[in-house]
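>>> The sequence isn't on hand, but the structure is:
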């Protein structure tokens with residue numbers, strides 16, 4: 001699992017920083033999370049192949065989280081994209097994007113689907129044989145969701161020596177990898193535990209931006225491997241976080257601690273601060289394992 005931060009600053013794009021967008025690579029899937037202005041350029045800088053992005057998740061309809069979407073959709077058309085694209089986001093996103101496309105006389109040569117969200121309860125919005133994605137309802141000035149990405153159906157590792165000793169045909173390998181026992185020609189049942197080693201532990205990633213401090217999300221993100229939680233302000237500006245419905249670095253760390261997550265990634269920094277290290281320093285007074293997002297930064301999630 002790999003996370004690439006394309007942009008992680010609040011509000012407006014600058015020559016030295018970009019608003020929110022990130023790419024999560026998980027089990028050979030490439031998911032785009034939020035799509036602010038400048039996302040296309042950042043994708044190119046990070047050498048992310050446009051053709052691999054088939055699913056885009058939009059947290060909410062504030063400009064610094066989705067104003068780059070219609071441009072990316074149009075670029076896909078110019079690149080002669082043929083594969084389907086699905087956008088997950090708040091109700092209204094379909095109307096917004098289709099209006100922009102119609103007004104500019106644009107069209108897509110590929111199937112463009114919208115999965116609009118309205119529920120205030122966590123729900124599964126994407127699932128295949130390798131990954132499941134659930135919403136994390138957040139509290140912000142407009143309807144907002146975070147997203148929980150979880151690996152599933154992790155294959156067990158074949159014990160090649162054991163398989164060869166029992167002379168098991170390769171046609172059964174997939175069955176064995178997914179936990180199946182094997183019955184030999186003489187009727188003997190070989191339990192899966194003799195034919196495999198334990199798989200890697202399934203990984204998980206939670207994206208939570210934008211939101212006020214809200215302990216109701218804790219059961220949804222408990223024990224995740226990596227939590228990205230917005231930290232727009234420092235405690236010295238906590239009064240602004242209340243007014244704008246954002247969080248401080250200390251509040252993000254408190255959520256991480258109470259949810260027993262393994263790693264906390266901070267982001268969505270207000271550009272009023274000259275050094276993002278201040279956010280890490282503040283958060284580490286509460287939670288020790290703190291990482292800082294920054295434009296272009298990559299996290300290999302071991």
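Thanks, I have it. These figures come from a predicted structure and were not determined experimentally.

>>> can you map out the helices along the stretch 151-300 of the chain?
Along the stretch 151-300 of the chain, counting by DSSP state H, counting those that start in this stretch, helices occupy 160-165, 173-177, 218-221, 238-244, 249-259, 277-283.

>>> Compare those and report which one is nearest to residue 229.
Among those, helix 249-259 comes nearest to residue 229, with 4.0 Å by C-beta to C-beta. Every C-beta, even on glycine, is put in place using the N, C-alpha and C of the backbone.

>>> just the strands in the stretch 1-150 of the chain please.
2-7, 21-26, 29-35, 53-57, 85-90, 112-117, 124-127, 131-138, 144-151 (DSSP state E, counting those that start in this stretch).

>>> Can I get these in a markdown table including distance to residue 163?
Formatted as a markdown table, those follow (distance: least, C-beta to C-beta, whole Å):
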| stretch | distance to residue 163 |
| --- | --- |
| strand 2-7 | 31 |
| strand 21-26 | 28 |
| strand 29-35 | 29 |
| strand 53-57 | 35 |
| strand 85-90 | 39 |
| strand 112-117 | 41 |
| strand 124-127 | 30 |
| strand 131-138 | 28 |
| strand 144-151 | 24 |
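
>>> So which of these is nearest residue 301?
From the strands of the stretch 1-150 of the chain, taking C-beta to C-beta, the stretch that ends up closest is strand 2-7, at 6.4 Å.

>>> So which elements touch the closest one?
strand 21-26, helix 39-45, strand 298-300 (3 or more C-beta pairs under 8 Å, 6 or more residues apart in numbering; DSSP states H and E).

>>> Give me whichever of these is most buried.
Scoring these by mean neighbour count under mean count of other C-beta atoms under 10 Å gives strand 21-26 as the most buried, with a mean of 23.

>>> What pairs with it, parallel or antiparallel?
Sheet partners assigned to strand 21-26 using DSSP bridges are listed as strand 2-7 (antiparallel), strand 29-35 (antiparallel).

>>> For the longest one, which outside residues touch it?
When you say that, I think you mean strand 29-35. By C-beta atoms under 8 Å, 6 or more residues apart in numbering, the residues outside strand 29-35 that reach it are 20-25, 39, 48-49, 52-59, 65-69, 72, 128, 130-131, 133, 147, 149, 207, 209.

>>> repeat that for 7 Å
Residues outside strand 29-35 that contact it (C-beta atoms under 7 Å, 6 or more residues apart in numbering) are 20-24, 52-53, 55-59, 65-66, 68-69, 72, 130-131, 147, 149, 207.

>>> among the strands of the stretch 1-150 of the chain, which is nearest residue 166?
Nearest of the strands of the stretch 1-150 of the chain (C-beta to C-beta): strand 144-151, 29.3 Å.

>>> For that closest one, name the packing helices and strands.
Packing partners of strand 144-151 (3 or more C-beta pairs under 7 Å, 6 or more residues apart in numbering; DSSP states H and E): strand 21-26, strand 131-138, strand 204-208.
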